[in-house]
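**Q** Build me a structure from this.
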Amino acid sequence: MSHGKQFTLYTHKGGPNGWKVAIVLEELGLTYESIYLDFDKGEQKSPEHTKYNPNGRIPTLIDHKNNDFTLWESDAILLYLVEKYDPEHKISVTSEGDKFHQTQWLFFQSSGQGPYYGQAAWFLVYHPEKIPSAIERYMNEIFRVLGVLESVLSKQEWLVGGKPTVADLSFLPWNQSTFSRLPSYKEGYDVQKEFPAVAAWHGKLEARDSVKRIVAARDAALKNQ
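**A** Numbering: from 1, shown residues only. Below you'll find the predicted structure:
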């Protein structure tokens with residue numbers, strides 16, 4: 001089977017983790033086709049998808065120019081992309097120490113930011129009953145994660161290597177989703193006031209051309225769903 005584009009990305013129109021991968025593909029100028037799975041129909045759990053990703057979640061990436069090499073877990077995908085397709089280190093680091101710190105931040109994003117932000121959204125928006133203790137727990141976790149980022153970004157512009165990397169970009173989609181909702185989650189909440197260094201960092205990431213393209217693609221996809 002021939003493919004016009006190098007990658008196939010199985011993703012979801014509303015899923016931050018899929019958009020994270022799309023941003024990095026855009027940053028590196030790599031061609032890809034996005035296949036949006038319909039979660040309401042359970043397409044992420046269908047055999048057509050789980051033959052690639054036994055976890056039945058998104059994103060899943062297939063690299064057709066590397067013998068259809070398949071990978072899932074979003075931050076593992078980011079590491080693969082920069083290791084194989086960022087020889088100029090546009091959005092990755094070079095020294096051994098920086099590489100470990102880059103991986104450290106990706107682990108923190110995948111274990112700290114993503115799950116806690118997602119659980120907060122679940123209990124605030126989607127859970128059939130309001131459970132105040134669960135909402136309080138996960139809202140506090142959002143603020144804890146933001147506090148960790150603020151403590152570092154108040155002293156340096158980027159997370160690692162003195163430049164924007166996949167470490168920074170990995171946090172962007174979940175922050176975009178959550179920052180827009182925080183004032184409704186907690187009345188009058190102002191991220192810029194509470195976490196000024198994080199807000200400035202976030203704004204610089206949003207100003208990148210790759211991010212603007214992905215935001216436009218995401219908005220169009222959501223509009224047409």
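**Q** where along the protein do the strands fall?
**A** Applying DSSP state E to the chain gives strands spanning 7-11, 32-36, 60-63, 69-72.
**Q** Which one, of the ones you listed, ends up nearest to Ala197?
**A** strand 7-11 (30.3 Å; C-beta to C-beta). No exception for glycine: its C-beta is placed from N, CA and C like everyone else's.
**Q** Adding mean pLDDT and mean neighbour count, write the strands of the chain out as TSV.
**A** Listed next are the strands of the chain as TSV, based on pLDDT from 0 to 100; neighbours: other C-beta atoms under 10 Å:
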stretch	mean pLDDT	mean neighbour count
strand 7-11	98	23
strand 32-36	97	18
strand 60-63	98	23
strand 69-72	98	16
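**Q** right, and the ones you listed - which one's nearest Pro173?
**A** Here strand 7-11 is closest among the strands of the chain (C-beta to C-beta), at 11.1 Å.
**Q** Pull the contacting residues for Asp168.
**A** Residues counted as contacts of Asp168 (C-beta atoms under 8 Å, 6 or more residues apart in numbering) are 105, 158-159, 201, 205.
**Q** Write the PyMOL selection for whichever of these are buried.
**A** Provided next is the PyMOL selection string for whichever of those are buried by 16 or more other C-beta atoms under 10 Å:
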select buried, resi 105+158+159+201+205
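**Q** For the protein, give me the ranges with low pLDDT.
**A** 1-2, 225 (pLDDT under 70).
**Q** Tell me where it has helices.
**A** 16-27, 47-50, 74-85, 96-108, 114-121, 132-153, 166-179, 182-185, 191-194, 196-206, 209-223 (DSSP state H).
**Q** so which of the strands of the chain comes closest to Tyr185?
**A** That would be strand 7-11 among the strands of the chain, by C-beta to C-beta, at 25.3 Å.
**Q** For that closest one, name the packing helices and strands.
**A** helix 16-27, strand 32-36, strand 60-63 (3 or more C-beta pairs under 8 Å, 6 or more residues apart in numbering; DSSP states H and E).
**Q** re the thing from before, how about CSV for the contacts of Asp168, with distance to Ile62 added?
**A** Below are the contacts of Asp168 laid out as CSV (distance: C-beta to C-beta, whole Å):
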residue, distance to Ile62
Trp105, 26
Trp158, 30
Leu159, 29
Trp201, 32
Leu205, 27
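**Q** Quick one: distance of stretch 103-115 to the chain centre.
**A** 10 Å (C-alpha atoms, centre = their mean, to the nearest Å).
**Q** Alpha carbons of that stretch, as PDB, please.
**A** Extracted in PDB, the C-alpha atoms of stretch 103-115 (Å, rounded to 0.1, in the frame of the first residue of the first chain):
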ATOM      1  CA  THR A 103      12.800  13.300  29.300                       C
ATOM      2  CA  GLN A 104      12.200  14.300  32.900                       C
ATOM      3  CA  TRP A 105       9.800  17.000  31.900                       C
ATOM      4  CA  LEU A 106       8.000  14.700  29.400                       C
ATOM      5  CA  PHE A 107       7.500  12.200  32.200                       C
ATOM      6  CA  PHE A 108       6.200  14.900  34.400                       C
ATOM      7  CA  GLN A 109       3.700  16.000  31.700                       C
ATOM      8  CA  SER A 110       2.500  12.500  31.100                       C
ATOM      9  CA  SER A 111       2.300  11.400  34.700                       C
ATOM     10  CA  GLY A 112       1.400  14.700  36.400                       C
ATOM     11  CA  GLN A 113      -0.300  17.200  34.100                       C
ATOM     12  CA  GLY A 114      -2.300  15.100  31.700                       C
ATOM     13  CA  PRO A 115      -4.000  12.700  34.100                       C
END
